[in-house]
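**Student:** would you be able to build a 3D model of this:
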Amino acid sequence: MSVSAWTEIGSVMVWDDSALDWTGLLVYFLLNCFHSLVFVTGFADCYDPLDPDGNITVTIDILQRTNDGYTARVTIQNYYQYRHIDKPGWTIGWTWTKEEVIVSMSGAFATQQGNCSSLNFQDAHCCKKDPEIADLPTDALPEKTTEGCCKGGLISAYAINPAKSFSSFEISVANLGANTTYFAPQNLTIMVPGPGYTCESLQDTDPTVFPDIGGRRQVQVFRTWKSICTYSTFVANKAPACCVSLSTFYNPTITSCPLCSCGCRPTDQNATSCIREGYNLPQSDFVNSLDFVKCTDHMCPVRVHWHVKNNYMDHWRIKLTVSNYNYNKNYSDWNVLVQHPGFSQKSTAYSFNGTVLPAVGFAEEFALFWGISYFNEELLQADEDQEGSVTTDILLEKDLESFTFRNGWGFPRRIYFNGEDCEMPLPDTFPMLPNSSSTLKPTNNCFWILLLLLLLTFLTFKTQK
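**Tutor:** Take a look at the predicted model:
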């Protein structure tokens with residue numbers, strides 16, 4: 001069953017969430033969870049053992065009281081090890097409990113001001129009951145910025161760059177009257193940029209303490225509310241984003257991505273369900289905002305290829321290549337997570353950054369790879385001539401008990417791109433060693449040649465006698 005929903009626009013086919021079969025999608029979700037529990041290959045929809053403590057924490061610190069409100073700092077902290085917030089960035093929203101008004105804001109902006117005339121706050125920044133707030137761009141004016149802001153909504157994964165794994169802004173709230181009780185906002189939502197995160201209610205916690213005077217003094221805020229937001233691929237309702245192909249030096253067969261990994265194109269070759277060779281990408285603002293992929297049998301925006309390149313005395317050499325088939329999207333701050341038993345030994349990546357992540361309930365190790373700053377941290381979009389790609393060689397120290405040629409154990413168990421589970425080929429399609437009969441043929445030929453030489457030698461010796 002495919003959960004893909006493609007809609008044709010002009011000469012291209014695009015993903016359309018409105019065309020999804022929700023009954024089929026529910027069955028798909030349940031089967032996916034069952035598959036995860038039985039085969040222990042991933043719990044992306046139910047529970048993520050690769051990142052059990054991962055979440056996005058939203059904190060609202062009330063810094064001080066005002067005559068009819070307060071000033072507060074809002075912090076969005078990403079604790080996910082390998083899931084980051086990419087372009088066009090985060091937006092956050094909530095519903096005010098009372099009649100609060102955002103008088104001013106620094107480090108972010110409300111996307112709509114709303115009607116302020118009825119509240120006598122004509123110059124207020126936002127008077128909406130349910131404001132939606134976005135991050136400022138990196139070139140924002142200095143007077144509108146604050147510490148920790150203005151990254152265009154981009155937030156790095158915690159394991160990759162902790163210093164860039166958060167974003168913050170400040171707001172001044174009014175219209176509460178004097179000596180009033182403060183109530184936490186309700187219905188907190190965070191979009192990154194699409195759905196996928198579910199946030200619990202903001203709760204009172206111990207007030208945040210900030211260091212001052214070089215850490216010699218501790219300053220406590222007036223009040224703190226916190227909410228934990230967690231990600232679910234089922235809530236996100238995304239089309240599959242990537243697939244995996246495999247190859248090796250000892251077998252000429254290349255195991256391609258599974259057919260229709262991210263959707264199927266029509267069997268009629270005259271129909272256009274993607275950008276085929278010889279076709280130009282339609283040009284319009286609407287088209288440029290969509291994801292158009294190159295025509296392939298897998299129809300995925302991203303393919304990860306694992307190639308066993310060499311077998312040395314004490315190392316294996318792997319070539320890992322990530323290809324972008326999307327004509328309209330660059331992937332900034334991309335990352336690849338690989339589950340493979342070989343990472344239990346020492347490993348070295350030459351063109352990527354890398355680290356090994358702990359995982360709960362798995363014997364194999366998980367290695368996280370990402371680009372090097374100012375070199376390959378952005379995976380460029382495809383063009384008319386070729387797809388964009390990044391690649392590296394990886395040396396894996398040998399452990400013959402966990403990484404062998406037999407039964408395809410030289411290949412990864414799972415691969416994730418930007419936190420999304422990639423479609424893997426079935427194990428029975430993995431490149432294997434040649435079968436025993438083919439390996440024995442040279443030995444049999446040598447045996448018969450040797451036997452013939454012995455016979456000729458015996459006959460020659462007998463004739464001479």
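**Student:** how about the helices in the protein?
**Tutor:** Using DSSP state H, the helices of the chain run over 22-39, 233-236, 285-288, 436-464.
**Student:** quick check: mean pLDDT across the first one?
**Tutor:** The one in question is helix 22-39. If you average the pLDDT over helix 22-39, you get 37.
**Student:** repeat that for the second one.
**Tutor:** Averaged across helix 233-236, pLDDT comes to 81.
**Student:** can you pull the buried residues of it?
**Tutor:** 233-234 (16 or more other CB atoms under 10 Å). C-beta here means a position set from N, CA and C on the backbone, and glycine is covered the same way.
**Student:** quick one: it to chain centroid distance?
**Tutor:** In terms of CA atoms, centre = their mean, to the nearest Å, the centre of helix 233-236 is found 13 Å from the chain centre.
**Student:** output it as CSV, nothing but the C-alphas.
**Tutor:** Taking C-alpha atoms only, helix 233-236 is exported to CSV below (Å, rounded to 0.1, in the frame of the first residue of the first chain):
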residue,chain,number,x,y,z
THR,A,233,6.2,11.1,11.9
PHE,A,234,2.5,10.2,12.0
VAL,A,235,1.5,13.7,13.1
ALA,A,236,3.9,15.2,10.5
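**Student:** pretty sure residue 314 contacts residue 399?
**Tutor:** No: distance between residue 314 and residue 399: 10.1 Å, which falls outside the contact criterion (CB atoms under 8 Å).
**Student:** so which of the two has more stuff around it?
**Tutor:** Comparing residue 314 with residue 399 by other CB atoms under 10 Å, the one with more neighbours is residue 399, at 14 against 8.
**Student:** residues contacting the more buried one?
**Tutor:** When contacts are counted by CB atoms under 8 Å, 6 or more residues apart in numbering, residue 399 touches 341-342, 344-345.
**Student:** what do you get for residue 114?
**Tutor:** Contact partners of residue 114, counting by CB under 8 Å, 6+ apart, are 126-129, 131.
**Student:** burial check on residue 105, number of neighbours?
**Tutor:** Here the number of neighbours of residue 105 (other CB under 10 Å) works out to 22.
**Student:** tell me the pLDDT at it?
**Tutor:** Residue 105 is assigned a predicted lDDT (pLDDT) of 96.
**Student:** quick one: it from residue 364, how far?
**Tutor:** Counting by CB to CB, to the nearest Å, the gap from residue 105 to residue 364 is 47 Å.
**Student:** with residue 274 instead?
**Tutor:** The gap separating residue 274 from residue 364 is 35 Å, by CB to CB.
**Student:** more neighbours: the two, which one.
**Tutor:** Higher neighbour count among residue 274 and residue 364: residue 274, with 20 against 17, using other CB under 10 Å.
**Student:** thought that one was touching residue 297?
**Tutor:** No: assessed by CB under 8 Å, residue 274 is found out of contact with residue 297, at 10.7 Å.
**Student:** could you identify the most distant pair in the contacts of residue 114?
**Tutor:** With CB to CB as the measure, no two of the contacts of residue 114 lie farther apart than 126 and 129, at 10.0 Å.
**Student:** more crowded one of those two?
**Tutor:** Each of residue 126 and residue 129 has its neighbours counted (other CB under 10 Å); residue 126 has more, 22 against 13.
**Student:** now do the more buried one against residue 195, distance only.
**Tutor:** Distance from residue 126 to residue 195, counting by CB to CB: 23 Å.
**Student:** please apply the same query to residue 334.
**Tutor:** Residue 334 is 21 Å from residue 195, by CB to CB.
**Student:** which one's more surrounded, these two?
**Tutor:** Here residue 334 and residue 195 are compared on neighbour count by other CB under 10 Å; more neighbours surround residue 334, at 21 against 16.
**Student:** the more buried one: what's it in contact with?
**Tutor:** 322, 370-371, 377-379, 390, 417-418.
**Student:** make TSV out of these and add pLDDT.
**Tutor:** As requested, the contacts of residue 334 are exported to TSV (pLDDT from 0 to 100):
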residue	pLDDT
322	97
370	97
371	96
377	93
378	93
379	94
390	97
417	96
418	94
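**Student:** strands - which of those residues land there?
**Tutor:** Among the contacts of residue 334, the residues falling in strands (DSSP state E) are 322, 370, 378-379, 390, 417.
**Student:** closest to residue 241 among those?
**Tutor:** Taking CB to CB as the measure, residue 241 lies nearest residue 417 of the ones in strands among the contacts of residue 334, at 6.4 Å.
**Student:** now the residue lying closest to residue 168 once chain neighbours are set aside: how far from residue 339?
**Tutor:** Nearest-residue entry for residue 168: residue 148, 3.7 Å, with adjacent residues in sequence omitted and distances by CB to CB, 6 or more residues apart in numbering. Distance check for residue 148 against residue 339: by CB to CB, it reads 34 Å.
**Student:** same drill for these two, tell me which one is more crowded.
**Tutor:** Neighbours were counted for residue 148 and for residue 339 using other CB under 10 Å; residue 339 has more, 20 against 17.
**Student:** got a list of what that one touches?
**Tutor:** Residue 339 makes contact with 50, 359, 362, 364-366, 412-415 under the criterion CB under 8 Å, 6+ apart.
**Student:** before we move on, what about residue 157?
**Tutor:** 78, 80-84, 165, 333, 335, 419.
**Student:** how much space is there between residue 108 and residue 96?
**Tutor:** Taking CB to CB as the measure, residue 108 falls 17 Å from residue 96.
**Student:** what about the two, which has more around it?
**Tutor:** Just comparing residue 108 and residue 96: by other CB under 10 Å the higher neighbour count belongs to residue 108, 26 against 21.
**Student:** that one contacts residue 136, doesn't it?
**Tutor:** Yes: the pair residue 108 and residue 136 passes the contact test of CB under 8 Å, sitting 6.0 Å apart.
**Student:** anything in contact with each of the two?
**Tutor:** The contact sets of residue 108 and residue 136 overlap at 149, 169 (CB under 8 Å, 6+ apart).
**Student:** what's around residue 353, how many residues?
**Tutor:** Other residues near residue 353 come to 18 when the count uses other CB under 10 Å.
**Student:** quickly list what the nearest residue to it once chain neighbours are set aside is bridged to.
**Tutor:** Of all residues not flanking residue 353 in the chain, residue 370 sits nearest, at 5.2 Å (CB to CB, 6+ apart). Per DSSP bridges, the residues bridged to residue 370 are residue 335, residue 353.
**Student:** who's in contact with residue 370?
**Tutor:** With CB under 8 Å, 6+ apart, residue 370 has these contacts: 160, 333-336, 352-354, 377.
**Student:** name the nearest of these relative to residue 213.
**Tutor:** Within these, the smallest distance to residue 213 is 32.0 Å, found for residue 160 (CB to CB).
**Student:** and the two most separated of the contacts of residue 370?
**Tutor:** Of all pairs drawn from those, the one with the longest distance (CB to CB) is 333 and 354, at 14.8 Å.
**Student:** who does residue 73 form a beta bridge with?
**Tutor:** According to DSSP bridges, the partner residues bridging residue 73 are residue 61, residue 170.
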